[in-house]
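Chemist: below are the sequence and a predicted model for it; my questions follow.
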Amino acid sequence: MRCARSTVEGVHTGADGEPARLRTDRGDEPADLAVGADDIRSVLRTALYPEHPGPTYAGYTAWRMVVPAGGPVPAFETWGRDGSRFAALPLDRDRLYCYATATVPPGRFSADERAELADRFGTWHEPIARIVAGLDAGGVSHQDVEHLRTPLPSFHRGRTVLVGDAAHAMTPDLGQGGCMAAEDAVVLAALLDAEPVPAALATYHRAATAAHHGGGRAVPPGRAAGHGAVPRAGGGGPADGPGSRSDGGPWPRAGRGLAPARTPSVVARPGPGRTRREGGGDDRSRPR
């Protein structure tokens, strides 16, 4: 994690009346609020919860690539009987974003990922076979998929708060990680506009807890100055328990008229497509 051209190595979380202090390779940096948005291997999460086990393997590996479209291609996702998936999403008229997955033990990487994909998906329906056959040798990114299966006891300590994958990393399905990171930013910004930092973070914690138990409000009606109220969060808590969103459990939803005071920077993950079973059987398309 980097801050003002420094590498962040840890944090003193701060408290009411005392600022947070980021420990960097250039000395300490005081802050009214330290926001850990430093991804799945968060330095600040480790500093706040050193005993937390961190990210764990989600049970599958993923390949990602951007390829020429070669003509009109509708968005789709195809499922294989062994748990494999292949999907394509148009980026524009000429390019597709594609991803493929396989349910395998972690750490299985190939010296030639293009050949690995050809072996796994080269006989699947078009345009998958054509896409795989036309891949560039260096155009494939391969990573094991990880998530935070063990929930954090809280998303903040003192004047230090975690958002996005630093707080609740999850598998990259239906854009849930990017969407929930944006929701974190919207809710946190609204609370900070309405309350002092310690009170805002306490409300942020209560909102997260309420959301995972079912019901609750991210911001009480009328509390967010200059913003609309955030309505009651929907759904019950995820199976992993309060605080975990590794399986896509609910998080406070921004209501109509609630605009963020700051614009979050979010990288969206794969969106919904159409699905089809590969290898025989029912091949009717259906929403994912």
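Modeler: Thanks, I have the structure now. Numbers count the residues shown, from 1 in each chain.

Chemist: tell me which residue is most central in the protein.
Modeler: By C-alpha atoms, centre = their mean, the chain has its centre lying nearest to Gly177, at 2.1 Å.

Chemist: shouldn't Arg26 be in contact with Glu9?
Modeler: No - using C-beta atoms under 8 Å, Arg26 is not in contact with Glu9, being 10.2 Å away. (Glycine included, C-beta is placed from N, CA and C.)

Chemist: Pro19: what's it in contact with?
Modeler: Each residue near Pro19 by C-beta atoms under 8 Å, 6 or more residues apart in numbering is listed here: Pro30, Ala31, Asp32, Arg159.

Chemist: of the residues you listed, which is the most crowded?
Modeler: Arg159 (24 neighbours; other C-beta atoms under 10 Å).

Chemist: how many neighbours does the nearest residue to it once chain neighbours are set aside have?
Modeler: Nearest non-adjacent residue to Arg159, counting by C-beta to C-beta, 6 or more residues apart in numbering: Gly14, 3.5 Å away. Gly14 has 21 neighbours, counted by other C-beta under 10 Å.

Chemist: mind checking pLDDT for Gly14?
Modeler: Looking at Gly14, its pLDDT stands at 85.

Chemist: these two touch, right, it and Ala34?
Modeler: Yes - using C-beta under 8 Å, Gly14 is in contact with Ala34, at 7.3 Å.

Chemist: overlap in contacts of the two?
Modeler: Taking C-beta under 8 Å, 6+ apart as the contact rule, Gly14 and Ala34 both touch Ala20, Arg159, Thr160.

Chemist: dump these to a markdown table, plus secondary structure, distance to Gly138 and pLDDT.
Modeler: Converted to a markdown table, these look like this (DSSP: H, G, I helix; E, B strand; the rest coil; distance: C-beta to C-beta, whole Å; pLDDT from 0 to 100):
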| residue | secondary structure | distance to Gly138 | pLDDT |
| --- | --- | --- | --- |
| Ala20 | strand | 41 | 89 |
| Arg159 | coil | 44 | 92 |
| Thr160 | strand | 39 | 93 |
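
Chemist: quick check: of those residues, which lies closest to Ser110?
Modeler: The closest of the shared contacts of Gly14 and Ala34 to Ser110 turns out to be Thr160 (C-beta to C-beta; 40.2 Å).

Chemist: report all helices and strands that the longest helix along the chain contacts.
Modeler: The helix that spans the most residues within the chain, counting by DSSP state H, is helix 176-194. Contacts defined by 3 or more C-beta pairs under 8 Å, 6 or more residues apart in numbering; DSSP states H and E place helix 176-194 against helix 165-168, helix 197-213.

Chemist: single out the most deeply packed of those helices.
Modeler: helix 165-168 (a mean of 26; mean count of other C-beta atoms under 10 Å).

Chemist: for that one, name the packing helices and strands.
Modeler: Applying 3+ C-beta pairs under 8 Å, 6+ apart, one finds that helix 165-168 contacts helix 43-48, helix 176-194.

Chemist: now for the first one, which elements pack on it?
Modeler: The one in question is helix 43-48. strand 6-12, strand 34-36, strand 160-162, helix 165-168.

Chemist: turn those into a markdown table, columns for distance to Ser110.
Modeler: Output for these, formatted as a markdown table (distance: least, C-beta to C-beta, whole Å):
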| stretch | distance to Ser110 |
| --- | --- |
| strand 6-12 | 33 |
| strand 34-36 | 34 |
| strand 160-162 | 35 |
| helix 165-168 | 26 |
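
Chemist: just the pLDDT at the residue nearest to the centre of the chain, thanks.
Modeler: Listed pLDDT for Gly177 reads 88.

Chemist: end to end, how far does stretch 40-54 reach?
Modeler: 8 Å (C-alpha to C-alpha, to the nearest Å).
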